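Chemist: quick one, structure for this:
(one chain, ligands or ions: 1)
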Amino acid sequence: MPRVTHLTDEEIAASADEPVLGRIAALLRPYRVKLVLVAVAVVTAATLTSIVPFLTKAVFDDALFPQSGGPDLELLGWLVAAMCVIPIVAALIGIGQNWLTSTVGNSAMADLRSELFAHLQKMELAFFTATKTGAIQSRLANDVAGVRTVLTDTATSILQNSVTVTAAFIAMVLLSWQLTVLTLILMPIFIVVQMRVGKRRQRLARKTQESLSEMTAITEEALSVSGILLSKVFNRADAEVGRYREANRQQAHLQVDQAMTGRTFFATVQASFAITPALLYLMAGLMINGGTALTAGTLVAFTTLQARLQMPLLQLMRVTLDVQTSLALFRRIFEYLDLEPAITERPGASHLDGSQLRGEIEFSDVWFQYPEPRELSGTVNRDRFGETGVRIERPEETADLDDDQEPTSGWALRGVSFKVQPGQLAAIVGPSGAGKTTMTYLVPRFYDVTEGTVLIDGHDVRDLTLGSVSEAVGMVTQEPYLFHGTIRDNIAYAKPDATAAEIEQAARDANIHDRILGFADGYETITGERGYRLSGGEKQRLAIARVLLMDPRILILDEATSSLDTETERLVQEALERATHNRTTIAIAHRLSTIRSADMIFGVEDGVLVEQGSHEELLEAGGLYARLYIEQFGSGQIEARFTDGVRFADGSLMCERDPGDRRADVSF
Ligand code: ATP
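Modeler: I've put the predicted structure just below:
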């Protein structure tokens, strides 16, 4: 059964920032020495700058306007020198500290990105079929880049400003506790404003990020080669533009909202900041009037200090917002990292030794149901828990599913059992949607069976190491995937250390060598994204060359449904025959002519294995295969070739098979 993790709203609420902070700390652990240096630099620079207001007080009270006599120019000279040197030293420390934080932030971000990429590589096929590529890309690119600021600027800013605020606060108390009390009374006003607007801004930040992922996904879908083909073929350009425009409009709206919320916040805070010194002067006047000794130097130093307190406080508030935004981004990244790959290796899984492998495949009472897509914030159905951004793996309806319960939706395979002997060529036939591809996906563990067992050489595939299963099973899919690169690299993908001679031999065996030499750049020809610069037949033969180079013991062939011209068909067919030689092959055959020589043919209908046998046996049985066969050959001329002796079960046709008759092979 698929793994079930259901989180309640309480659990979601509990999974707030603390664990996230812990994980961020873990991410920074390798850089702790540099971080300690950063802390030392920050504290030194902040302490140094906090001395300056005291120098200002001394300038006023002792150097410029001493209690007796004129200005003390010597003292003034020293004080001014100190006031010049201190900021320069602090700035130099700041530059060094910036280098350190930037190095730490970018390295940690690179670590996170690599970890995420490696983790996604481990995810099962089902994850990618259910998740938009653009959303994944956005998480890797935008979200990870978004959190870099928290690791570089924000973390230092918090430390720097906290130290400055503390130092300034102590200095203010030392100068005048009464004025400090007044400043502290005014401060909560900012905090209330900050809390209110901050929450709204955080919500908007998440929505904006999600809407951005959505837009990236639309762009990826619509502007990819397949997307553009689809929209052109079905004349959907206007609809695509409309979809993009709507997402774009929403994005613009969110951006304006976000900017306005930020602006309101600063406007309110700035107004309060302007009012504070004015009120301080009033208070000072009242204090002096009441007989408290308060020098001009103290007042000047105090207002400088409270400004020094206010600016870092304002930054700390901004930082809080940045941290909240970044934490939301971190949560989204961790959400992906927390996804457990559904297809994993059991502890102590045995390694299938390639040289010992016989290549027997067995399905024992296999039931299979496609897993429900996992829900992720910003990817699939994000509105459900959009505010929390926390992962829910299965929808509620099936969340309580246990082994005793029937899954709610249909089975793709139902009780399939069969065996393919080593070296045999087995073919699967059946109508579209019968479950043919699904059957083949279970062998290399693209999916795991829901019930029953798939065995290779008598071993349950789930007991084998993932690496050895991938090495044992090669696949030529219906639509071979070619990446943007040279033909040589595309063939060598299966065996990066292959020699040029091996690559050429594989290409020769796949009947594509001559064609490759026909290209101006030969093996160095760039295939173009997803091989769009090559014809269907060429792509298929390149995919066959790739699998021949891999030389797996078991081969799965998903025959292309698109029709090829007779010559190409012959070339592909020959290549396939060579590919199946000396290995166990399971072929999904759409053109029944191609599988007449199969050792075993499996007829599948609606997820059930309805019949099995050789071409002759199945024709004679007159079931699904015979029906498909006659459908393909039509009821005219081809039937006439089998006029003596093949008998179909419904008695509608009686004809005699002629095993030597190959005419059918060229007919479709
Ligand atoms: P065709 O000849 O058209 O390729 P097929 O026999 O190979 O068809 P499968 O692709 O195995 O059929 O599909 C079997 C059933 O499983 C179909 O009903 C299909 O809709 C369903 N199915 C296939 N892939 C998925 C998926 N990723 N998630 C959910 N259901 C799926």
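
Chemist: up against the ligand, what does the stretch 351-500 of the chain have?
Modeler: Residues of the stretch 351-500 of the chain lying near the ligand by C-beta under 6 Å from any ligand atom: 370, 412, 430, 432, 433, 434, 435, 436, 437, 438. Placement of C-beta: from N, CA and C, glycine included.

Chemist: which strand or helix spans the most centrally placed residue in the chain?
Modeler: Among the residues of the chain, the one closest to the centroid is residue 136, at 3.3 Å (C-alpha atoms, centre = their mean). Element membership for residue 136 (DSSP states H and E) is helix 133-138.

Chemist: where does the residue nearest to the centre of the chain land on pLDDT?
Modeler: On pLDDT, residue 136 comes in at 79.

Chemist: the one 4 residues further on too?
Modeler: At residue 140, the predicted lDDT confidence score is 80.

Chemist: residue 581 too?
Modeler: 80.

Chemist: and if you look at residue 16?
Modeler: Taking residue 16 on its own, its pLDDT is 50.

Chemist: if we can go back for a sec, just the buried positions in the helix holding residue 136, please.
Modeler: Residues of helix 133-138 classed as buried under the neighbour-count rule (16 or more other C-beta atoms under 10 Å) are 134, 135, 136, 138.

Chemist: cool, stretch 43-62 as well?
Modeler: Applying 16+ other C-beta under 10 Å to stretch 43-62 flags 43, 45-46, 48-50, 52-62 as buried.

Chemist: how close does whichever residue of the stretch 101-250 of the chain sits closest to the ligand get to residue 447?
Modeler: Relative to the ligand, the nearest point of the stretch 101-250 of the chain is residue 129 (4.3 Å; C-beta to the nearest ligand atom). The gap separating residue 129 from residue 447 is 10 Å, by C-beta to C-beta, to the nearest Å.

Chemist: these two: who's more crowded?
Modeler: Just comparing residue 129 and residue 447: by other C-beta atoms under 10 Å the higher neighbour count belongs to residue 447, 21 against 11.

Chemist: tell me the secondary structure at residue 496.
Modeler: Per DSSP: H, G, I helix; E, B strand; the rest coil, the secondary structure class of residue 496 is coil.

Chemist: show me what the helix holding residue 136 packs onto, helices and strands only.
Modeler: If you count contacts as 3 or more C-beta pairs under 8 Å, 6 or more residues apart in numbering; DSSP states H and E, helix 133-138 packs onto helix 177-223.

Chemist: would you tell me what the next helix or strand after the helix it packs on is?
Modeler: Counting by DSSP H and E, the element after helix 177-223 in chain order, helix or strand, is helix 225-233.

Chemist: quick one: mean pLDDT for that next one?
Modeler: On average, helix 225-233 scores 78.

Chemist: show me what counts as buried in that helix.
Modeler: Across helix 225-233, burial judged by 16+ other C-beta under 10 Å covers 227, 231.

Chemist: so what's the residue count around residue 185?
Modeler: By other C-beta under 10 Å, 10 other residues sit near residue 185.

Chemist: pLDDT at residue 299, what is it?
Modeler: Residue 299 is given a pLDDT of 89.

Chemist: wait, I meant residue 20
Modeler: 77.

Chemist: how close does it sit to the ligand?
Modeler: Shown here: residue 20 relative to the ligand, a distance of 32 Å by C-beta to the nearest ligand atom, to the nearest Å.

Chemist: check residue 66 too.
Modeler: 86 Å.

Chemist: next, that residue: secondary structure please.
Modeler: Assignment for residue 66 (three-state DSSP): coil.

Chemist: shaky segments in the stretch 151-300 of the chain?
Modeler: By pLDDT under 70, the low-scoring segments of the stretch 151-300 of the chain are 188, 190-191, 194-195.

Chemist: which residue ranges of this structure form strands?
Modeler: Ranges of strands within the chain are 361-368, 413-420, 425-429, 451-456, 459-460, 473-476, 554-558, 584-588, 600-605, 608-613, 646-647, 654-655, based on DSSP state E.

Chemist: what mean pLDDT does the last one have?
Modeler: Looking at strand 654-655 alone, the average pLDDT works out to 39.

Chemist: repeat that for the fourth one.
Modeler: Per-residue pLDDT values over strand 451-456 give a mean of 94.

Chemist: could we number from 881 for the rest of this?
Modeler: That works, and once the first residue is 881, the last one we named lands at strand 1331-1336.

Chemist: export that strand as PDB, just CAs?
Modeler: Extracted C-alpha coordinates of strand 1331-1336, given in PDB (Å, rounded to 0.1, in the frame of the first residue of the first chain):
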ATOM      1  CA  GLU A1331      -0.500  -6.500  -4.000                       C
ATOM      2  CA  GLY A1332       1.300  -9.600  -5.200                       C
ATOM      3  CA  THR A1333       4.900  -9.900  -6.400                       C
ATOM      4  CA  VAL A1334       7.100  -9.200  -9.400                       C
ATOM      5  CA  LEU A1335      10.100 -11.500  -9.500                       C
ATOM      6  CA  ILE A1336      13.400 -11.400 -11.400                       C
END
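
Chemist: relative to strand 1464-1468, how tilted is it?
Modeler: Angle between the axes of strand 1331-1336 and strand 1464-1468 is 130 degrees (criterion: axes from the mean of the first three to the mean of the last three C-alpha atoms, to 10 degrees).

Chemist: any idea how far strand 1331-1336 is from the chain center?
Modeler: 30 Å (C-alpha atoms, centre = their mean, to the nearest Å).

Chemist: tell me what the lengthiest helix in the chain is packed against?
Modeler: In the chain, ranked by residue count with DSSP state H as the criterion, the top helix is helix 1117-1169. Counting contacts by 3+ C-beta pairs under 8 Å, 6+ apart, helix 1117-1169 is packed against helix 1057-1103, helix 1105-1113, helix 1176-1217.

Chemist: if anything else comes up later, I'll come back, but that's it for now.
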